[in-house]
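K.L.:
need a structure here:
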Amino acid sequence: MLSLPKLSAPEVPRGQWCLFLDIDGTLLEHAAHPDAVVVSNGLRTLLAGLELQLDGALAFITGRSIAAVDHLFQPLRLRAAGLYGLEHRLTRDGPVEAAGEPADIAALAEEVEAELASADVYIERKGPILAIHTRAAPHLLQRATQLVEQALERLPVGYRVLAGNAGVELMPLEAAKGAAIRRFLDLPAFEGRRPVFLGDDTSDENGFEAVNEMDGISIRIKPRGPTAARYTLAGVDEALAWLGAVSLAQVR
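P.N.:
Have a look, this model is predicted:
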């Protein structure tokens, strides 16, 4: 159930638990272009340590492709669900179940690029997902949303439009973070553990709802309006500080 959030310190998970992490806006501050973000060595060390402490029960749940995640966090190749669960790497350093770009989405991407591509709008083609980033050009968000909503009328059934903090995405209905989390929870490394999920955007709400159903810990970063998350943190710095405290609690 969505409700207006109040900033509240999340409980420190105890016993057997597992960790699911969004990336942009949660572990890293947003940038005008997705490739402009930088991962610090400190963050890599924190994530590697948490993954070891949790016996491998840690996974990224992100709208980025897994290839993009690997490029950011190299040499780490952690478990991940990319493209909102359309791609998976179910084992650390394991193979990636990738997703290709359908012809109708490729054609739509070219149409959108012809109208909106500029120094201020970044159009990201992520296989079956088309993302239009307008963080540097907020005045074009309405037009970008209109273009993808109009495209729904001629695309095959099974797509939806998802508005985010600073852009809009067109994606298949099966692209859902909650479903990705449930898939990991069926794996031996995660099975029987209490899920913890940190995210910051509209696309993370489905994941919060799934975690809540399993009596997990759902945490929204920098909340804007109502959220299903049971806890909130003010920003990326606070999220990293909380993860650091959780890591320290694990070794006590």
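K.L.:
chain center to stretch 158-176, what's the gap?
P.N.:
12 Å (CA atoms, centre = their mean, to the nearest Å).
K.L.:
How many neighbouring residues does the nearest residue to residue 127 once chain neighbours are set aside have?
P.N.:
Setting aside the residues directly before and after it, residue 127 is nearest to residue 99 in space (CB to CB, 6 or more residues apart in numbering), at 4.1 Å. Where you see a C-beta, it was placed from the backbone N, CA and C, and this is true even at glycine. Using other CB atoms under 10 Å, residue 99 has 20 other residues around it.
K.L.:
Check the protein and tell me which residue is nearest its centre.
P.N.:
Taking CA atoms, centre = their mean, the centroid of the chain lies closest to residue 62, which sits 2.8 Å from it.
K.L.:
which one is that one nearest to, not counting chain neighbours?
P.N.:
According to CB to CB, 6+ apart, the nearest residue to residue 62 is residue 23 (4.7 Å).
K.L.:
my guess is that neighbour meets residue 65, correct?
P.N.:
No - Residue 23 is beyond contact range of residue 65, at 11.4 Å (criterion: CB atoms under 8 Å).
K.L.:
intersection of neighbour lists for the two?
P.N.:
Both residue 23 and residue 65 lack any common contact, where contact means CB atoms under 8 Å, 6 or more residues apart in numbering.
K.L.:
Surely residue 170 is within a strand?
P.N.:
Yes - judged by DSSP: H, G, I helix; E, B strand; the rest coil, residue 170 forms part of a strand.
K.L.:
so where do the helices sit in this protein?
P.N.:
41-53, 66-73, 103-116, 141-151, 177-185, 205-213, 236-250 (DSSP state H).
K.L.:
Name the residues of the last one that are buried.
P.N.:
This points to helix 236-250. Neighbour-count burial for helix 236-250, counted by 16 or more other CB atoms under 10 Å, picks out 236, 238-240, 242-243, 246-247.
K.L.:
beta partners for the residue nearest to residue 167 when sequence neighbours are not counted?
P.N.:
Closest residue to residue 167 apart from its sequence neighbours, by CB to CB, 6+ apart: residue 133 at 4.4 Å. Applying DSSP bridges to residue 133 yields these beta-bridge partners: residue 122, residue 167.
K.L.:
State the number of residues packed around residue 133.
P.N.:
23.
K.L.:
remind me which residues of the stretch 1-150 of the chain are low pLDDT?
P.N.:
The stretch 1-150 of the chain contains residues with pLDDT under 70 at 1, 3-8, 119.
K.L.:
50 - rerun?
P.N.:
For the stretch 1-150 of the chain, applying pLDDT under 50 flags no range at all.
K.L.:
who are the neighbours in contact with residue 155?
P.N.:
104-105, 108.
K.L.:
repeat for residue 151
P.N.:
By CB under 8 Å, 6+ apart, the residues touching residue 151 are 108, 170.
K.L.:
Please consider this matter closed, and thank you.
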